[in-house]
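# I'd like to go over a predicted model; first the sequence, then the structure.
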Amino acid sequence: MKIIVDAMGGDNAPVEIVKGAVSAAKARPELEIALVGREAEVLAALERAGGAPGNVSVVNASEVIDMHDNPATAFRLKKDSSITVGLNLLRDGEGDAFVSAGSTGALLSAGTLIVKRIKGIRRAAFSPVIPTAGNGAVLIDCGANAECSVEYLTQFAYIGSYYARRVMGLERPRVGLLNIGSEESKGDQLRQDTYQVLRAAGDAGHLNFIGNIEAKEAVKGGCDVIVTDGFTGNVMLKAIEGAGSFMGKQMKGMFMRSLGTKLAALLVKKGLDEFKELLNPDRVGGTPFLGLTRTVVKAHGSSNARAMENAVYQAAAVASSGLAEDIEANIGLMRLER
């Protein structure tokens with residue numbers, strides 16, 4: 001399996017990106033990794049990382065899409081950018097997955113127009129696995145589609161369910177529709193109409209739909225797939241990130257108040273470290289854009305070497321999961337009559 005990595009994307013490129021890719025290549029010698037970027041800079045980063053293993057190659061791309069470029073058009077204007085070159089390689093079958101820590105908007109636009117959506121899928125969705133009291137939950141969508149239709153949300157429910165089954169290993173993922181209450185009548189018209197469609201899919205045995213779910217219950221582990229529009233999903237994700245940061249700072253301040261609290265901190269250090277790790281985005285590394293014909297994974301913009309290494313593993317897991325085949329085989333269930 002070959003993973004194409006955008007060596008120039010992200011705040012810490014290319015040094016940390018290359019370092020992480022090399023670590024993944026050494027740990028998983030069955031993987032091939034192609035680093036796409038300005039060749040001289042990538043080679044220098046490889047030298048700093050201890051040299052390139054035999055399963056790492058470099059593909060030259062002379063341009064870089066940065067955060068000041070228009071995400072909708074940058075990949076067209078910068079045809080030799082690392083994102084454009086890498087996605088063209090993916091489309092042409094020169095790799096099995098593409099990973100980038102670069103511009104989210106540019107990656108989504110380029111992925112949709114170069115790699116393209118699976119036939120019948122209306123919109124690709126940004127789908128992170130968020131930490132919950134259970135084993136985590138797929139939050140779909142989380143920023144790619146601020147405005148959605150009933151059909152979009154219905155497709156997100158199916159795609160998220162297949163992802164949870166194929167990649168997370170859940171036999172019957174519980175699908176919940178994010179809402180302001182659990183009752184059937186709650187929410188705006190979009191949520192009410194989507195509820196009826198998903199309930200019918202659940203009654204037919206196509207989905208394990210558990211109904212509406214509030215954010216607080218979702219975080220408690222109430223479902224495995226959280227279905228929502230990209231605007232609401234992104235707000236929820238940022239709220240979780242902020243709450244985690246707030247709690248961490250508050251606990252640190254509490255344990256540093258006196259000698260007694262410092263000693264108490266030593267006694268619970270293992271548990272605190274586990275909690276910190278649960279909220280650490282480097283642990284997962286990347287989030288896939290679901291609904292595309294090939295695997296495209298977005299790593300966070302501040303990715304360090306560990307995050308990029310895990311993003312490569314995430315890309316390999318998705319690419320080998322059979323997820324795209326599941327979606328293609330069941331596309332008829334997701335299409336609503338017009």
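That came in fine, so what should we check first?

# which residues does the most centrally placed residue in the chain contact?
Nearest to the mean C-alpha position of the chain, counting by Cα atoms, centre = their mean, stands residue 287 at 1.2 Å. Contacts for residue 287 (Cβ atoms under 8 Å, 6 or more residues apart in numbering) come out as 126-129, 142, 297-299. Using the backbone N, CA and C atoms, a C-beta is placed for each residue, glycine as well.

# so what's residue 256 up against?
Here residue 256 is in contact with 262, 265 (Cβ under 8 Å, 6+ apart).

# Just list what the longest helix along the chain packs against, helices and strands only.
For the chain, the longest helix by residue count, based on DSSP state H, is helix 230-255. Helix 230-255 sits against strand 125-126, strand 129-130, strand 137-140, strand 174-178, helix 215-219, helix 259-267, with contacts defined as 3 or more Cβ pairs under 8 Å, 6 or more residues apart in numbering; DSSP states H and E.

# please redo it, this time with the cut-off set to 6 Å
Contact here means 3 or more Cβ pairs under 6 Å, 6 or more residues apart in numbering; DSSP states H and E; on that basis helix 230-255 packs against no helix or strand.

# How about it, which residues are buried there?
Across helix 230-255, burial judged by 16 or more other Cβ atoms under 10 Å covers 230, 232-234, 236-237, 240, 244, 255.

# ok, now stretch 255-263?
residue 255.

# Check stretch 299-315 too.
Buried residues in stretch 299-315 (16+ other Cβ under 10 Å): 299-301, 303-315.

# End to end on stretch 311-325, go ahead and measure it.
One end of stretch 311-325 sits 22 Å from the other (Cα to Cα, to the nearest Å).

# Show me the helices in the stretch 1-150 of the chain, by range?
Remark: helices assigned in the stretch 1-150 of the chain by DSSP state H, counting those that start in this stretch are 15-27, 39-48, 74-77, 82-91, 104-110, 150-166.

# For the last one, give me every contacting residue.
Under the criterion Cβ atoms under 6 Å, 6 or more residues apart in numbering, residues 122-123, 125, 138, 140-141, 170, 173, 175, 193-194, 197-198, 207, 224-225, 227, 290-291, 321-323, 326, 334, 336 lie in contact with helix 150-166.

# just stretch 73-84 next, same as before
Against stretch 73-84 from outside (Cβ under 6 Å, 6+ apart): 6, 8, 36-37, 61-65, 100, 102, 106, 110.

# Among the contacts of residue 287, which one lies nearest to residue 89?
Using Cβ to Cβ, residue 297 comes nearest to residue 89 of the contacts of residue 287, at 14.7 Å.

# ok so, going back, just the buried ones from the contacts of stretch 73-84?
6, 8, 36-37, 61, 63-65, 100, 102, 106, 110.

# Would you enumerate the residues in contact with residue 1?
Residue 1 neighbours (Cβ under 6 Å, 6+ apart): 31, 96, 316.

# Identify the residue nearest it in space, chain neighbours excluded?
residue 96 (4.9 Å; Cβ to Cβ, 6 or more residues apart in numbering).

# got the contact list for the one you found?
1-2, 319.

# just to revisit the earlier point, can you put the contacts of stretch 73-84 in JSON lines and add distance to residue 212 and pLDDT?
Output for those, formatted as JSON lines (distance: Cβ to Cβ, whole Å; pLDDT from 0 to 100):
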{"residue": "6", "distance to residue 212": "38", "pLDDT": "97"}
{"residue": "8", "distance to residue 212": "43", "pLDDT": "97"}
{"residue": "36", "distance to residue 212": "43", "pLDDT": "98"}
{"residue": "37", "distance to residue 212": "45", "pLDDT": "96"}
{"residue": "61", "distance to residue 212": "46", "pLDDT": "96"}
{"residue": "62", "distance to residue 212": "50", "pLDDT": "96"}
{"residue": "63", "distance to residue 212": "46", "pLDDT": "95"}
{"residue": "64", "distance to residue 212": "44", "pLDDT": "93"}
{"residue": "65", "distance to residue 212": "39", "pLDDT": "93"}
{"residue": "100", "distance to residue 212": "35", "pLDDT": "96"}
{"residue": "102", "distance to residue 212": "36", "pLDDT": "93"}
{"residue": "106", "distance to residue 212": "35", "pLDDT": "92"}
{"residue": "110", "distance to residue 212": "35", "pLDDT": "94"}
